[in-house]
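1. structure, please.
(one chain, ligands or ions: 1)
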Amino acid sequence: MQKKYLIGNWKMYKTTQEAIGFMGALLPELKAIDAGSLALYIAPSFVHLSAIADLIGDHQSIQLIAQNCHHEAEGAFTGEVSAAMLAAIGVKGVLIGHSERRSYQKEDHPLLAQKIKRVLEAGMQPFLCCGESLAARKHGKHKTIVQQQLQESLMGLTPKEIETVAIAYEPVWAIGTGQVASLTVITEMHAFIREVLSELCAGEKVPILYGGSCNPQNAKAILGCPNVAGGLIGGASLRVDAFMQIVAALLEQKDGTGYSCN
Ligand code: PEP
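-> Sure thing, here's the model as predicted:
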């Protein structure tokens, strides 16, 4: 059975004190449940990573991923953070190509492909985000866009390397809007992403997560859809109770094929 993933993307929220407070409340809750079948991650701001790594210590019920890294291994890039720096403090993965970075930092596919390579070289797991805008969906271009995002960002990787990547399907119109994608859309797009990955010779092993207004109320249905290996959660990951309710929803999933989604 494939592991189920849950990532809390804190974006640019929480001071260090608030982040430590959150982890202080979360870790005992995780200790109290059997989360061994889950791959749980928090993606805080860079400045909180070391402090949270110290709090997690040997517990390992939850791991750290970063929200970004630079596309070069090292160099004169003031204000940037390299993949190797992240790996050295115990970070296990990096979000690559979140739609907010594609939009505000103008990150394009070749740049994302370089970032993925740096993350793999540093021994971490890339979590490649993809997803169409509302305009693209309205024009029936959602599949073309997602296919292009995947093909061009994964370009130059061997099938074996692609198998170490995780994908997060995050329709841009669903992120932070409360407008969650329907189960039909999620099922259709996850099946389509699986097909694209198969064409890249990376079959069933790549986990495909869903992100976009997932919350404790809708998590069980979303996480039960075929080909949904977990969730990338923004807003609802900022509160311990909401995060733990989504963990509980994930624990209820027996396998990746639970729900009939219509
Ligand atoms: C995200 O930022 O990746 C995300 C899914 O945000 P939200 O859950 O708030 O829509």
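
2. please report how far Val185 lies from the ligand.
-> Applying CB to the nearest ligand atom, to the nearest Å, the value for Val185 to the ligand is 15 Å. From N, CA and C alone the C-beta is placed, and that goes for glycine too.

3. up against the ligand, what does the stretch 101-250 of the chain have?
-> Residues of the stretch 101-250 of the chain found near the ligand, taking CB under 6 Å from any ligand atom as the criterion, are 170, 175-176, 211-214, 232-236.

4. let's see 8 Å
-> Remark: the part of the stretch 101-250 of the chain in contact with the ligand comprises 129, 168, 170, 174-177, 211-215, 231-237, using CB under 8 Å from any ligand atom.

5. so which of those residues sit within strands?
-> The strands in this structure, assigned by DSSP state E, contain 129, 168, 211, 231-233 from these.

6. and of the residues you listed, the nearest to Ser153?
-> Cys129 (9.3 Å; CB to CB).

7. residues contacting that closest one?
-> Contacts of Cys129 were listed using CB atoms under 8 Å, 6 or more residues apart in numbering, and they are 95-99, 167-168, 170, 211, 232.

8. on that earlier part again, out of the ones in strands among the residues of the stretch 101-250 of the chain next to the ligand, which is nearest to Pro44?
-> Comparing every one of these with Pro44 (CB to CB), the shortest separation belongs to Ile233, at 13.2 Å.

9. can you get me a residue count around the closest one?
-> Taking other CB atoms under 10 Å as the neighbour definition, Ile233 ends up with a count of 26.

10. got it, and Gly79?
-> If you count neighbours by other CB under 10 Å, Gly79 ends up with 5.

11. now do Leu232
-> Under the neighbour criterion other CB under 10 Å, Leu232 is assigned a count of 27.

12. contacting residues around the closest residue to it other than its chain neighbours?
-> Closest residue in space to Leu232, ignoring its immediate chain neighbours: Gly211 at 3.3 Å, by CB to CB, 6 or more residues apart in numbering. With contact set as CB under 8 Å, 6+ apart, Gly211 has these partners: 9, 129, 131, 168-170, 174-175, 231-234.

13. try 10 Å this time
-> Listed by CB atoms under 10 Å, 6 or more residues apart in numbering, the contact partners of Gly211 are 7, 9, 95, 98-99, 127, 129, 131, 168-171, 174-175, 181, 222, 230-234.
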